[in-house]
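[1] Test case, fold it:
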Amino acid sequence: MDIDHIEDLQVFTQVVDCGTLAAAGRVLNLSPTLMSRRLARLENTLGVRLLERTTRSLHVTDEGRTFYARCRRILMELELAQEELRPNSKVISGIVRLVVPTSMLAYGIMNALSSFLSTHPALTVQISLSDESVNLLAEGWDIATHIGAPSDSTHIGKRLGSISPRLAATAEYLAREGIPESPLDLSKHQCVRFYSTQPQEYWPVIDKEGVTIRVPIGGQLLCHDVISIYTAMCAGIGIGLIPKAALDKAKNEGKLIEVLPGYRVDSNTLYALIPAGRQTVPRIKLVADWLAKFISSLNGED
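    Okay, here's the model as predicted:
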């Protein structure tokens with residue numbers, strides 16, 4: 001039997017995105033009864049169980065995960081086709097699903113997002129903070145950040161910019177351990193280091209002439225995310241890295257002091273990954289452009 005109702009696909013994908021019938025129903029403005037009816041109709045048409053539902057939980061079956069990936073692509077293509085035929089409008093609306101690193105929370109992305117959303121009241125942003133790679137097409141995301149240009153031809157990479165961190169510590173730590181006078185002095189200090197698959201063993205410090213000095217570092221504390229690093233820095237555990245805009249705020253609040261002013265640490269270029277063909281959708285382009293502006297602001301750029 002063929003699928004006759006596109007709204008059944010919309011209900012199914014929204015339930016998977018939201019995790020519950022109630023949450024998906026609020027997004028689609030449908031009652032739980034109608035949501036359940038449409039899901040049942042879709043499952044009866046396909047002859048397979050897509051979701052296992054109890055009064056307390058809901059999870060996607062193996063068949064459901066496979067079907068979800070296809071549904072998401074179909075709905076994205078349908079939406080893109082409608083966007084291309086729709087006359088230009090100054091009002092941008094709809095949902096943009098965005099994945100950014102956890103570091104962005106410490107860097108003030110929610111404050112920037114608050115101002116952005118107030119300017120575009122018809123727009124909805126579904127944001128996830130994650131340091132893990134995601135499958136945009138299979139998981140239904142519109143934009144995900146990525147270090148370095150993408151190699152996957154199914155994605156478009158929009159360059160967002162680079163975050164050039166500054167060195168900082170508390171006044172108490174520097175009074176206790178001394179103030180570094182050159183980059184190589186960092187080797188004698190407690191450095192709050194990032195840990196992913198392995199701990200940081202050096203920082204590529206760039207001087208005022210643009211020369212990079214590879215400085216060996218050590219320290220007793222290893223952190224998996226930037227929020228933990230920032231908290232540890234403010235607790236006086238050691239010297240760490242922070243973007244210029246965040247450092248300026250911490251300095252004004254009396255939390256941190258810049259170490260080796262005029263120096264910065266080299267960083268990788270950040271890109272926004274967007275499914276190919278979706279980069280021209282107005283709301284997705286708008287959010288990607290805003291994200292690039294936010295990244296630039298972290299370096300103190302206008």
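[2] what element comes up after the helix or strand of the chain with the lowest mean pLDDT heading to the C-terminus?
    Counting by mean pLDDT, DSSP states H and E, the weakest-scoring helix or strand in the chain turns out to be helix 136-139, with a mean of 67. Next along the chain after helix 136-139, taking DSSP states H and E as the criterion, comes strand 143-147.
[3] and the angle from the very next helix or strand once past that following strand to strand 143-147?
    Next helix or strand after strand 143-147 toward the C-terminus (DSSP H and E): strand 155-162. Between the axes of strand 155-162 and strand 143-147, defined by axes from the mean of the first three to the mean of the last three Cα atoms, to 10 degrees, the angle is 60 degrees.
[4] Tell me the helices and strands packed up against strand 155-162.
    If contacts are counted by 3 or more Cβ pairs under 8 Å, 6 or more residues apart in numbering; DSSP states H and E, strand 155-162 sits against strand 269-275, helix 282-298. (Each C-beta comes from the backbone N, C-alpha and C, glycine too.)
[5] Just checking: what are the partner strands of it?
    Each strand paired with strand 155-162, and its direction, by DSSP bridges: strand 269-275 (antiparallel).
[6] For the strand it pairs with, buried residues please.
    Neighbour-count burial for strand 269-275, counted by 16 or more other Cβ atoms under 10 Å, picks out L270, Y271, A272, L273, I274, P275.
[7] quick one on the thing from earlier: can the helices and strands packed on strand 155-162 go into TSV with extra columns for mean pLDDT and distance to N44?
    Converted to TSV, those look like this (pLDDT from 0 to 100; distance: least, Cβ to Cβ, whole Å):
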stretch	mean pLDDT	distance to N44
strand 269-275	87	31
helix 282-298	91	34
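[8] what's the most buried one of these?
    Of all these, strand 269-275 has the most neighbours on average by mean count of other Cβ atoms under 10 Å, namely a mean of 22.
[9] and the angle from that one to helix 282-298?
    Counting by the same axes, to 10 degrees, strand 269-275 lies at 170 degrees to helix 282-298.
[10] then strand 269-275 to CSV, C-alphas only?
    Extracted in CSV, the C-alpha atoms of strand 269-275 (Å, rounded to 0.1, in the frame of the first residue of the first chain):
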residue,chain,number,x,y,z
THR,A,269,39.3,27.3,11.3
LEU,A,270,35.6,26.6,12.1
TYR,A,271,33.1,25.7,9.4
ALA,A,272,29.4,25.3,9.4
LEU,A,273,28.3,22.1,7.7
ILE,A,274,25.0,22.3,5.8
PRO,A,275,23.4,19.6,3.7
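[11] Put together JSON lines for the helices and strands packed on strand 155-162, with distance to S187 on each row.
    Output for the helices and strands packed on strand 155-162, formatted as JSON lines (distance: least, Cβ to Cβ, whole Å):
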{"stretch": "strand 269-275", "distance to S187": "27"}
{"stretch": "helix 282-298", "distance to S187": "27"}
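[12] how about the strands in the stretch 151-300 of the chain?
    Shown for the stretch 151-300 of the chain, the strands assigned by DSSP state E, counting those that start in this stretch span residues 155-162, 166-169, 193-194, 202-206, 212-216, 222-223, 240-242, 257-259, 264-265, 269-275.
[13] For V134, which of those is the nearest?
    Closest approach to V134 among the strands of the stretch 151-300 of the chain is made by strand 269-275 (8.8 Å; Cβ to Cβ).
[14] quick one: contacts of that closest one?
    For strand 269-275, the external contacting residues (Cβ atoms under 8 Å, 6 or more residues apart in numbering) are 76, 136-137, 142-150, 152, 154-163, 284, 288, 291-292, 295.
[15] cool, stretch 43-55 as well?
    Contacts of stretch 43-55 (Cβ under 8 Å, 6+ apart): 1-4, 8, 12, 15-16, 21, 39, 42, 58-61, 63-64, 67-68.
[16] Now do the same contact list for the closest residue to H189 other than its chain neighbours.
    In space, H189 comes closest to I239 once its chain neighbours are excluded; the distance is 5.4 Å by Cβ to Cβ, 6 or more residues apart in numbering. Listed by Cβ under 8 Å, 6+ apart, the contact set of I239 reads L167, A168, A169, Y173, P180, L186, H189, Q190, C191, V192, M233, V259.
[17] and V27, helix, strand or coil?
    helix (DSSP: H, G, I helix; E, B strand; the rest coil).
[18] I'd say it and Q14 touch.
    Yes - using Cβ atoms under 8 Å, V27 makes contact with Q14 at a distance of 5.7 Å.
[19] Looking at these two, which one has more neighbours?
    Between V27 and Q14, counted using other Cβ atoms under 10 Å, Q14 has the larger neighbour count: 21 against 15.
[20] correct me, but that one touches N29?
    No - Q14 is beyond contact range of N29, at 10.9 Å (criterion: Cβ under 8 Å).
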